[in-house]
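> Predicted model and sequence follow; I will ask about them next.
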Amino acid sequence: MRSWRTSSLRSRGRRIAALVLLLLASCVANLAFGAVSIPAGEVIAALLGRGEGATAAIVLYARLPRLSGCLLAGAALACAGAIIQGVLNNPLAAPNVIGVNSGAGLATALCCALAPGAVQLTPLAAFLGALAGVLLVLFISERAGAARITLVLAGVAISSMFNAGIDGVVTFVPDALSGYTDFRVGGVKNLSMARLAPAFWVILIALLIALSLSNELDLLLLGRETAQSLGLPAKWLRLALLMLAAALAGAAVSFAGLLGFVGLLVPHIMRRLVGEESFFLLLSSALGGGLLLTVCDLASRLIFAPFELPLGVVLSLTGGPFFIWLLLKQRRGGGGL
Amino acid sequence: MIELKNLRAGYPGRPVLEDVTLDLRPGQVLAVLGPNGCGKSTLLRTVNGLLARSGGEVLVDGVPLERLSAKEIAQKVAYLPQSRSVPNITAGRMVLHGRFPYLSYPRRYSQEDREMVRRALDWVGAAELASRPLAELSGGQRQKVYLAMALAQDTSTILMDEPTTYLDVGCQLEVMALARRLAEEGRAVVMVLHDLTLALRYAHQTALLWEGRVRQTGTPEELYRGEALEQVMGVRLGRVETEEGWRYFYR
């Protein structure tokens, strides 16, 4: 028993350590490269408050908030995906697939239209919108038996309705979402640390709660009956975990817009890397989500430098093929989904 | 011991069990038999508190089931459903979740829990499977792991819903022998079974259900000698005596 546990812990530990190293490297690269390349020494000096002039300003006021946005949104969306997939026992379920992101988007648009000055309210509004999406999906999964394809199709319908709502809000209040296209596509441009602060706290607290509930999430993976027979209040726990996922996705959408594929792509990759134990899956998804967005953000700045591609476009170009690969793998019986 | 008194249960608009009175005694394997749809699985789910009953009583060691919390029930009754998800976790981790009903703050499995898991896997003869992913195991190996999980749960009653379905004959016999050993250690083992020959060979007691009611209870000998089995199941059994006891077969 000891050898089983020790060897599996060691191997996962090594992989997570590798992820951390990759993430650190990508963070440095994200701060250093772009329209203007800044040497690593100057980046560090700027971060330590010893930088001067334009380079320090670029690092501190343009790239650092952007990097923080990538890390926060990536971690939040990936963990929301891992939680939703686990709770609904459906590997196709992800915040952008089942309408959670677009629910958060609609609520954000409404909040910006009705209370344009209350930036600090957007995470709360996004959470409520994401929660509406999650509750709709939960309701459908309870009533329709949670067949994989039913949930996905229901998600398509819910997303369409919420997206139509966003379009409606923007039609009547054109200034509701500054940079509407950016919001729909998703991105981390024009952020400030002050704007990220409310979302940071929501994401941090939700992640810590989710990690503390990893045993319970593991039990849900065994099936509802088994989980209940082990003394788990499965019904309430499903709801609580989906609320956490809504908080995570909502907080990310409130500043990064409707980024797709992170919540679908990252948990799938991490499941292959560290297995399905929720603690490690959530931890690695948080790191992997941050890594994916940081790398994609860097790519979006470098591919056509000095012009930028929207982050959401780069993500979709990465995530789309992966999704198709998963579908093909499932068709070949390879257990992709 | 678990006592069922005039139990009534079912689903909205579809009553399934009616007036079921049974004792699930420690040290015995009770085989629950009957045709499809007669309420065998519903019976197990009601005993476990997974399904609310509409009448009657379930007493667990003399205490009404409704007075026990979900965790208290899980510390007394283990349940192996007919089908379950197969997550991408190791067999050892799966068995460790059998200790969940005992998990308290700081909500981490203890060394004692891990020792229980090691003993449970040893007991079912699956120690070498601990580090293997569940998805890679055969049906028989998985069933052993589930049994080890129920063992790690350390309950006085174990409910199994068709534990031999989809297993080859060798694995079926192995699972039945393990169930018998569990009973010999003082547990009440309740098994829903479709294979009458296995049930009569391994069970200490039987309960034959028919249209939601108990048609006959008794030892395998009493069930074999009675007429209810043939009337309800529509098959006739024969048997031969061997050095190890009676072996049953379909005529």
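Structure received. Numbers count the residues shown, from 1 in each chain, chains lettered A, B, ... in the order given.

> Can you check which helix is longest in the chain?
All of this refers to chain A. Secondary structure of chain A read by DSSP state H shows that its longest helix is helix A:2-32.

> I was after chain B.
Max-length helix for chain B by DSSP H is helix B:169-184.

> List the buried residues for that one?
B:171, B:172, B:174, B:175, B:176, B:178, B:179, B:180, B:182, B:183 (16 or more other Cβ atoms under 10 Å in any protein chain shown). All C-beta atoms are positioned from the backbone trio N, CA, C, and that covers glycine.

> could you redo those as TSV and give each row pLDDT and distance to chain A?
Formatted as TSV, these follow (pLDDT from 0 to 100; distance: Cβ to the nearest Cβ, whole Å):
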residue	pLDDT	distance to chain A
B:171	84	20
B:172	88	22
B:174	89	22
B:175	88	18
B:176	92	22
B:178	89	19
B:179	92	17
B:180	92	22
B:182	91	17
B:183	94	20
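
> Now flag whichever of these is closest to residue B:26.
Within the buried residues of helix B:169-184, proximity to residue B:26 (Cβ to Cβ) peaks at residue B:183, which comes in at 8.1 Å.

> pretty sure that closest one is touching residue B:204, no?
Yes - using Cβ atoms under 8 Å, residue B:183 is in contact with residue B:204, at 6.7 Å.

> which residues are in contact with both of these two?
B:27, B:28, B:29 (Cβ atoms under 8 Å, 6 or more residues apart in numbering or on different chains).

> Now the second one: phi and psi?
Residue B:28 has phi and psi values of phi -130, psi 150 when expressed as degrees, to the nearest 10.

> do you know how far residue B:79 is from residue B:146?
When Cβ to Cβ, to the nearest Å is the yardstick, residue B:79 and residue B:146 sit 10 Å from each other.

> ignore the last one, residue B:175
10 Å.

> so what sits against both of these two?
Jointly contacting residue B:175 and residue B:146 under the rule Cβ under 8 Å, 6+ apart are residue B:163.

> ok, residue B:149 touching residue B:94?
Yes - using Cβ under 8 Å, residue B:149 is in contact with residue B:94, at 6.0 Å.

> quick one on the thing from earlier: quick one: the longest helix of chain B to chain centroid distance?
Centroid separation for helix B:169-184 versus its chain: 11 Å, with Cα atoms, centre = their mean, to the nearest Å.

> And for stretch A:121-134?
For stretch A:121-134, the separation from the chain centroid amounts to 14 Å (computed by Cα atoms, centre = their mean).

> quick one: contacts for residue A:228?
Residue A:228 makes contact with A:234, B:50, B:70, according to Cβ under 8 Å, 6+ apart.

> ok, now residue B:98?
Contacts of residue B:98 (Cβ under 8 Å, 6+ apart): A:230, B:78, B:116, B:117, B:120, B:148, B:149, B:150, B:151, B:152, B:153, B:154.

> Please confirm that the last one is located within a helix.
When you say that, I think you mean residue B:154. No - using DSSP: H, G, I helix; E, B strand; the rest coil, the assignment for residue B:154 is coil, not a helix.

> Do I have it right that it meets residue B:116?
Yes - using Cβ under 8 Å, residue B:154 is in contact with residue B:116, at 6.8 Å.

> Looking at these two now, which is surrounded by more residues?
It is residue B:116, of residue B:154 and residue B:116, that has more neighbours when counted by other Cβ atoms under 10 Å in any protein chain shown, with 23 against 16.

> Please identify which helix or strand holds the more buried one.
Per DSSP states H and E, residue B:116 falls inside helix B:111-123.

> which residues make contact with that helix from outside it?
The contact list for helix B:111-123 (Cβ under 8 Å, 6+ apart) reads A:1-2, A:5, B:91-92, B:95-96, B:98-99, B:102-103, B:127, B:129-130, B:145, B:148-149, B:151-152, B:154.

> do that again at 10 Å, thanks
Helix B:111-123 has contacts (Cβ atoms under 10 Å, 6 or more residues apart in numbering or on different chains) with A:1-2, A:4-5, B:91-100, B:102-103, B:109-110, B:126-130, B:144-145, B:147-154, B:178, B:181-182, B:185.

> likewise stretch A:296-308?
In this structure, residues lying in contact with stretch A:296-308 by Cβ under 10 Å, 6+ apart are A:26-27, A:29-37, A:63, A:66-67, A:69-70, A:73-74, A:187-189, A:259, A:261-262, A:293, A:309-319.

> Out of these, which end up buried?
Members of those classed as buried by 16+ other Cβ under 10 Å are A:26-27, A:29-34, A:63, A:66-67, A:69-70, A:73-74, A:187-189, A:259, A:261-262, A:293, A:309-316, A:318-319.

> quick revisit: now for residue B:79 and residue B:146: what residues contact both?
A:226, B:160.

> Buried residues in stretch A:290-299, which are they?
Neighbour counts over stretch A:290-299 (16+ other Cβ under 10 Å) mark A:290, A:291, A:292, A:293, A:294, A:295, A:296, A:297, A:298 as buried.
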